[in-house]
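In: Whatever this is, show me its structure:
(chains A and B)
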Amino acid sequence: MPVHLVREIDKLKQMMLSLAAMVEDNMRFAVKAVAERDPNLAQKVIARDHEIDRVEVEVEEECLKIFALHQPVANDLRFIVAILKINHDLERIGDLAVNIAERAEEMSRFRQPAMRTDLLIMADVVQNMVSESIDAMINRDLKQARDIWLADDEIDARNRAIHQDVGREIGEHPEHYETLLCLLSVSRNLERIADHATSIAKDVIYMIEGEIVRHRSREFRAINSPQSHTPRP
Amino acid sequence: MTTELSLDLLADDTRMDLALATPIVEISNLSLFYGAKQALHDVTLNIPERHITAFIGPSGCGKSTLLRCLNRMNDLIDHVRISGRIAIRGHDIHDPQQDVTELRKRVGMVFQKSNPFPKSIYENIAFGPRILGTRDRATLDEIVERSLRAAALWDEVKDRLNESALGMSGGQQQRLCIGRALAVEPEILLMDEPCSALDPIATARIEDLMLELKQRYTIVIVTHNMQQAARMSDYTAFMYMGKLIEVGLTRKVFTTPLEQQTEDYITGRFG
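Out: Just a heads-up that it's a prediction; the model follows:
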């Protein structure tokens, strides 16, 4: 590969890594802001999203420049295409972290009910999915990418369970409905973040294997899942 | 331009599957030696009718040699030995009964450097048909117009048909050579680096012309310009050191090549 293209691709990798780091931080702070009812931290998350938006545009411009100037093919082509799409997913994850931070601001007015353990566990799994999806991209790790895809089912199940529990609690403690609705929203936003991590994993599979695997979840589970899963509604 | 546009890529892949496409040329176990040096090793390849097939590969990989086999241009070189078989429409071109002039009429060729005869534009086109026995002026006029139109040159030169071809621009000269090849109504057009001496605008005109021509002719092109192979051809064959490494739909070869050597070459990692 021409040296200048190697340099461009390395630069793009660095930009992606710093974007991913910013997004992961913001996601973690947003969940922390919810758990600690910390409106200042929530504000910080919201403010930092502008920086994420700026880097997203820069990464896209960089990809377009490489397409125009180097006309990459094969492996290089698939890498740049994957970056372009993963870039968009990361930016969306940033937006969802902002949604969570906004719920944290709302909830900061109330002390009760306490943060739910199941939601914290879910947040932890989702954060891992996001950072592993980026690792899979950088290390070209097919197995890791496939594992993330499988993990998405677990998140869907957790989100459904939280919805049922919280729905019941709203019935039992209608005085807490505002906070409980916020927690439901956090759960929903986390579930959507997991969808984006899964989408990144699918782009990593495309990048490595050259096959577009989106919209093939049923087929994928039948081959890869150790046990049967409930199909998504 | 009248190129077909299909939105169903999967159906396209099936329709264009090399194994299922109708081959006009079938090359089987072709080896070629220049004296003791083997230039082609056991090449087996089908070339589908009315599509563009590109041969790519580093210098000296045998792509031009393979191209020249298709109309037996290598016969003109001393000490060349060929084994294997090349059939056009099922007929072996090395058959002793094969008239080589007749073969070269059916399989026309355009070279890297345009090589018009030092004659008028009209005479360049009329030359082939005349040699093949057409004498009637009206018929020749008709062939000249038809060929120049097919070569997308008629409107530019219709008022100066009797001027020397050498006064034309490089791009026009190359289109004249394509017109000259078309004048004898070939079935197959071989193009050896047809745009390497042309600027991007003249190149684009030749490429547009190729897309027009593939509706009626089978085109085989050798090119060093990978982007040209990628944007122009339907099928790409990658050669390396006299061997055919990979052949397939261009769309596939340039996005998901099967062989590592192909990948390394088209991404510029060697060659």
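
In: For chain A, what is the nearest residue in chain B?
Out: residue B:256 (3.2 Å; CB to the nearest CB). Bear in mind the C-beta positions are built from the backbone N, C-alpha and C, glycine included.

In: where along chain B do the strands fall?
Out: In chain B, the segments counted as strands under DSSP state E are B:23-34, B:37-48, B:52-56, B:80-88, B:91-92, B:107-110, B:188-192, B:218-222, B:235-240, B:243-249.

In: Same question for chain A.
Out: Counting by DSSP E, chain A contains no strands.

In: which residue sits closest to residue B:148 in space, ignoring its chain neighbours?
Out: residue B:154 (4.1 Å; CB to CB, 6 or more residues apart in numbering or on different chains).

In: and that neighbour, what pLDDT?
Out: Each residue has a pLDDT score; the one for residue B:154 is 95.

In: Look at the residue nearest to the residue of chain B closest to chain A when sequence neighbours are not counted and report its pLDDT.
Out: Leaving aside its chain neighbours, residue B:256 sits nearest to residue A:210 (3.2 Å; criterion: CB to CB, 6+ apart). Residue A:210 carries a pLDDT value of 91.

In: where does the chain have low pLDDT?
Out: No chain in the question, so chain A it is. A:1, A:225-233 (pLDDT under 70).

In: sorry, should have said chain B
Out: B:1-12, B:14-15, B:271.

In: how about the helices in it?
Out: B:9-16, B:63-69, B:100-106, B:121-131, B:137-150, B:154-157, B:170-182, B:200-213, B:226-232, B:250-253, B:260-266 (DSSP state H).

In: The residue nearest to residue B:148 against residue B:160, yeah?
Out: No. Counting by CB atoms under 8 Å, residue B:154 does not reach residue B:160; the two are 11.6 Å apart.

In: beta partners for the most centrally placed residue in chain B?
Out: In chain B, the centroid-proximal residue (CA atoms, centre = their mean) is residue B:190; its distance is 2.2 Å. For residue B:190, the beta-bridge partners under DSSP bridges are residue B:109, residue B:220.

In: Quick check: it touching residue B:71?
Out: Yes. Between residue B:190 and residue B:71 there is a contact at 6.3 Å, judged by CB under 8 Å.

In: So for these two, which residues contact both of them?
Out: B:107, B:108, B:109 (CB atoms under 8 Å, 6 or more residues apart in numbering or on different chains).

In: Now do the last one against residue B:180, distance only.
Out: In this view, residue B:109 and residue B:180 are 10 Å apart by CB to CB, to the nearest Å.

In: Compare those two (neighbour count), which wins?
Out: Neighbours per residue (other CB atoms under 10 Å in any protein chain shown) separate residue B:109 from residue B:180, with residue B:180 holding more: 27 against 20.

In: which residues sit in contact with that one?
Out: Contacts of residue B:180 (CB under 8 Å, 6+ apart): B:116, B:124, B:125, B:127, B:128, B:147.

In: Counting neighbours, which of those comes out on top?
Out: Neighbour counts for the contacts of residue B:180 (other CB under 10 Å) peak at residue B:125, which has 31 neighbours.

In: give the contact list for that one.
Out: Contacts of residue B:125 by CB under 8 Å, 6+ apart are B:143, B:144, B:147, B:148, B:176, B:179, B:180, B:183.

In: from what I can see the second one touches residue B:161, true?
Out: Yes. Taking contact to mean CB under 8 Å, the distance of 7.0 Å between residue B:144 and residue B:161 places them in contact.

In: Overlap in contacts, these two.
Out: Contacts common to residue B:144 and residue B:161, judged by CB under 8 Å, 6+ apart, are residue B:122.

In: what about residue 194, neighbour count?
Out: If you meant another chain, say so; for now it's chain A. For residue A:194, using other CB under 10 Å, the count is 28.

In: The intended chain is chain B.
Out: For residue B:194, using other CB under 10 Å, the count is 29.

In: Please name the nearest non-neighbouring residue to it.
Out: residue B:110 (5.1 Å).

In: In chain A, what residue lies closest to chain B?
Out: residue A:210 (3.2 Å).

In: sorry, back to before: just send the helices of chain B back as JSON lines, with distance to residue A:171 too.
Out: As requested, the helices of chain B are exported to JSON lines (distance: least, CB to CB, whole Å):
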{"stretch": "helix B:9-16", "distance to residue A:171": "50"}
{"stretch": "helix B:63-69", "distance to residue A:171": "76"}
{"stretch": "helix B:100-106", "distance to residue A:171": "85"}
{"stretch": "helix B:121-131", "distance to residue A:171": "89"}
{"stretch": "helix B:137-150", "distance to residue A:171": "80"}
{"stretch": "helix B:154-157", "distance to residue A:171": "81"}
{"stretch": "helix B:170-182", "distance to residue A:171": "79"}
{"stretch": "helix B:200-213", "distance to residue A:171": "68"}
{"stretch": "helix B:226-232", "distance to residue A:171": "62"}
{"stretch": "helix B:250-253", "distance to residue A:171": "57"}
{"stretch": "helix B:260-266", "distance to residue A:171": "60"}
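
In: Quick one, which of those helices gets closest to residue A:154.
Out: helix B:9-16 (32.7 Å; CB to CB).

In: Next, the contact list for residue 79, please.
Out: Went with chain A since none was named. A:9, A:72, A:207.

In: should've been chain B
Out: B:33, B:34, B:35.

In: quick one, what contacts the residue nearest in space to the middle of chain A?
Out: For chain A, the residue nearest the mean C-alpha position is residue A:193 (3.7 Å; CA atoms, centre = their mean). Listed by CB under 8 Å, 6+ apart, the contact set of residue A:193 reads A:27, A:93, A:96, A:97, A:126, A:129, A:130.

In: What number of residues are in the vicinity of the third one?
Out: Read it as residue A:96. Other residues close to residue A:96 by other CB under 10 Å number 24.

In: which residues sit in contact with it?
Out: A:27, A:189, A:190, A:192, A:193, A:196.

In: Thanks a lot, see you next time.
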